[in-house]
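S.K.: A structural model of the following input is requested.
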Amino acid sequence: MVDDAVRLLPFRTGGPILDVPRTVDDALRATWPDRLRPGEGATRELWELLATLGATDLGVARAVEPHLDARAILAQAGTPDRDDRTWGVYAAEGPGVRLDAIDDGDGWRLHGTKPWCSLAGVLDAALVTAHLAGGGRALFAVDLHDPGVRPLDQVWESRGLAEIPSTAVAFDDVAATPVGTPGWYLERPGFWWGGIGVAACWFGGAVGIGRRVHAEAAQRDDPLLAMHLGAVDRRLEDARRALAEAASLVDAHGLDAAQGRLLAKRVRATVASACEDVLSRAAHALGPAPLALEAEHAKRVADLQVYVRQQHAERDDASLGQTIAAGARPW
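M.R.: Purely as a prediction, here's the structure:
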C-alpha cells in the first residue's frame with residue numbers, strides 16, 4: 001500500500017501507512033491505533049492516512065474520519081472508549097429541528113431531532129451536541145442502539161457518497177453521558193484539528209482524480225492535456241503544503257484558540273478550492289468518457305463533489321475575511 005500512500009512531505013517514502021480498507025463495511029470493522037490523534041505528535045500521520053483513504057475511496061474516508069475524530073475527542077475529555085465500538089459525530093444544526101438535553105435528576109436525557117446523522121442506522125455510538133435549558137450547547141455520548149433512537153425515513157438521493165446515507169434522527173428520552181463541560185466541544189483546539197482532518201480526506205479524493213489525469217497524460221503527447229496536468233499538480237501542491245504546514249503547527253503546540261481557528265479556516269478554504277479546480281481541470285482534460293464508462297473515476301468525482309460541500313463556499317470565505325478583519329493585519 002505504501003506505493004499508493006498520499007504523503008504530505010514531498011519525496012517522502014516509507015513510514016507506517018496502515019492497510020487501507022476498500023469498502024465502508026471493512027472500514028467499520030477495522031481496528032485503528034490510538035496514536036492517531038491530532039496534536040499528540042502524530043498529526044501528519046493521521047492526515048496522511050485520511051488522505052490515503054480518500055485517494056482510494058472517499059466513502060471509506062467519510063466513514064473513518066468521524067470515527068477517529070470521536071475517539072480523539074473522548075481521549076481529550078479524559079474518557080477514552082473501548083476499541084470495539086464504531087462512532088459518529090453529530091454536531092450539525094438545521095432549520096425546524098432541535099435536540100435538547102435535560103437533566104432529570106437521574107441523569108441526562110435527549111429529546112428532539114438531530115439533522116445530518118451519517119450512518120446512524122449502522123454505527124454503535126455517537127457524540128452528539130444538544131441544547132441546554134440555560135442556553136448554550138454541550139456534547140453527549142449516546143448509544144445508537146437505544147430504543148429511543150430512530151433514524152427518520154428520509155431518502156438519500158445523492159449519487160455521491162451513496163454508501164454514507166445522512167438523515168435526521170429522532171431522540172426520544174435517550175440516555176446520554178456528558179463529554180466535557182458545556183461549550184467545551186467547540187472551545188477546545190481539537191475542534192479545529194478535526195475540521196482540517198476532513199480537508200485531508202478531500203485532498204485525498206482530489207489526488208485520486210489527479211492520478212487519473214496523470215495516467216492519461218502519460219499515454220498521449222497532447223499539449224493541452226499536459227497543460228491541465230500541470231495545473232492539477234500546482235493546485236494539489238498548494239493543498240499538500242497547507243496540510244503539511246498545519247500538521248507541524250498543530251504538533252508544535254504553539255497555537256492559541258484564535259490562531260487555531262484561523263489556521264483551520266485557511267487550510268479548509270485552500271484545500272476546497274484546490275479540489276474544485278482539480279474537478280474542473282479533470283473534466284476538461286479527460287472529457288466525458290471516464291465519467292460515463294469508468295465506475296471508479298465516476299464514483300470518485302461524484303463523491304468529492306458532495307463531500308467538499310461541507311465547505312460552505314462564499315459563506316466560509318466571508319467568515320475567514322471577518323476573522324482576519326477583526327484581528328491584527330496578518331501579512
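S.K.: all strands for this protein, in order.
M.R.: In the chain, the strands defined using DSSP state E lie at 87-90, 99-103, 108-118, 125-132, 137-143, 149-151, 166-178.
S.K.: pick out the residue nearest the middle of the protein.
M.R.: Val198 (2.4 Å; C-alpha atoms, centre = their mean).
S.K.: correct me if wrong: it contacts Arg268.
M.R.: Yes: contact criterion C-beta atoms under 8 Å: Val198 and Arg268 qualify, at 7.4 Å. All C-beta atoms are positioned from the backbone trio N, CA, C, and that covers glycine.
S.K.: and the residue nearest to the centre of the chain, what does it touch?
M.R.: 65, 268, 310 (C-beta atoms under 8 Å, 6 or more residues apart in numbering).
S.K.: where along the protein do the helices fall?
M.R.: Along the chain, the segments classed as helices by DSSP state H run 24-29, 43-56, 58-76, 184-187, 190-219, 223-252, 257-286, 289-293, 295-307, 313-325.
S.K.: near the residue nearest to Ala258 when sequence neighbours are not counted, how many other residues are there?
M.R.: Of all residues not flanking Ala258 in the chain, Gly327 sits nearest, at 7.2 Å (C-beta to C-beta, 6 or more residues apart in numbering). A total of 10 residues lie near Gly327 under the criterion other C-beta atoms under 10 Å.
S.K.: for Gly327, give its distance to Gln259.
M.R.: Per C-beta to C-beta, to the nearest Å, Gly327 is found 9 Å from Gln259.
S.K.: do Leu304 as well
M.R.: 29 Å.
S.K.: repeat for Pro223
M.R.: Distance of Pro223 to Gln259, given as C-beta to C-beta: 44 Å.
S.K.: between those two, which is the more surrounded one?
M.R.: Set Pro223 next to Gln259 and count neighbours by other C-beta under 10 Å: Gln259 wins out with 14 against 7.
S.K.: and stretch 205-221, which residues are buried?
M.R.: 205-213, 216-217 (16 or more other C-beta atoms under 10 Å).
S.K.: for that stretch, list the C-alpha coordinates in PDB.
M.R.: Only the C-alpha atoms of stretch 205-221 are listed here, as PDB (Å, rounded to 0.1, in the frame of the first residue of the first chain):
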ATOM      1  CA  GLY A 205     -10.100  12.500  -3.300                       C
ATOM      2  CA  ALA A 206      -8.500  15.200  -5.400                       C
ATOM      3  CA  VAL A 207      -5.300  13.200  -5.600                       C
ATOM      4  CA  GLY A 208      -7.200  10.200  -6.800                       C
ATOM      5  CA  ILE A 209      -8.700  12.300  -9.600                       C
ATOM      6  CA  GLY A 210      -5.300  13.900 -10.400                       C
ATOM      7  CA  ARG A 211      -3.800  10.400 -10.700                       C
ATOM      8  CA  ARG A 212      -6.300   9.600 -13.500                       C
ATOM      9  CA  VAL A 213      -5.300  12.800 -15.300                       C
ATOM     10  CA  HIS A 214      -1.600  11.800 -15.000                       C
ATOM     11  CA  ALA A 215      -2.300   8.300 -16.300                       C
ATOM     12  CA  GLU A 216      -4.000   9.900 -19.400                       C
ATOM     13  CA  ALA A 217      -1.200  12.400 -20.000                       C
ATOM     14  CA  ALA A 218       1.400   9.600 -19.700                       C
ATOM     15  CA  GLN A 219      -0.200   7.800 -22.600                       C
ATOM     16  CA  ARG A 220      -0.600  10.800 -25.100                       C
ATOM     17  CA  ASP A 221       1.600  13.600 -26.200                       C
END
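S.K.: ok so, going back, any chance of the contacts of Val198 in a markdown table, plus pLDDT, neighbour count and distance to Leu132?
M.R.: What follows is these, written out as a markdown table (pLDDT from 0 to 100; neighbours: other C-beta atoms under 10 Å; distance: C-beta to C-beta, whole Å):
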| residue | pLDDT | neighbour count | distance to Leu132 |
| --- | --- | --- | --- |
| Glu65 | 97 | 22 | 27 |
| Arg268 | 98 | 24 | 28 |
| Gln310 | 95 | 17 | 26 |
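S.K.: with those residues in mind, which one is nearest to Arg234?
M.R.: Arg268 (19.0 Å; C-beta to C-beta).
S.K.: how much space between that closest one and Gly134?
M.R.: From Arg268 to Gly134 the distance is 32 Å (C-beta to C-beta).
S.K.: and the residue sitting furthest away from the middle of the chain, how far from His228?
M.R.: Here the chain reaches farthest from its C-alpha mean at Asp221, the gap being 37.0 Å by C-alpha atoms, centre = their mean. Distance of Asp221 to His228, given as C-beta to C-beta: 14 Å.
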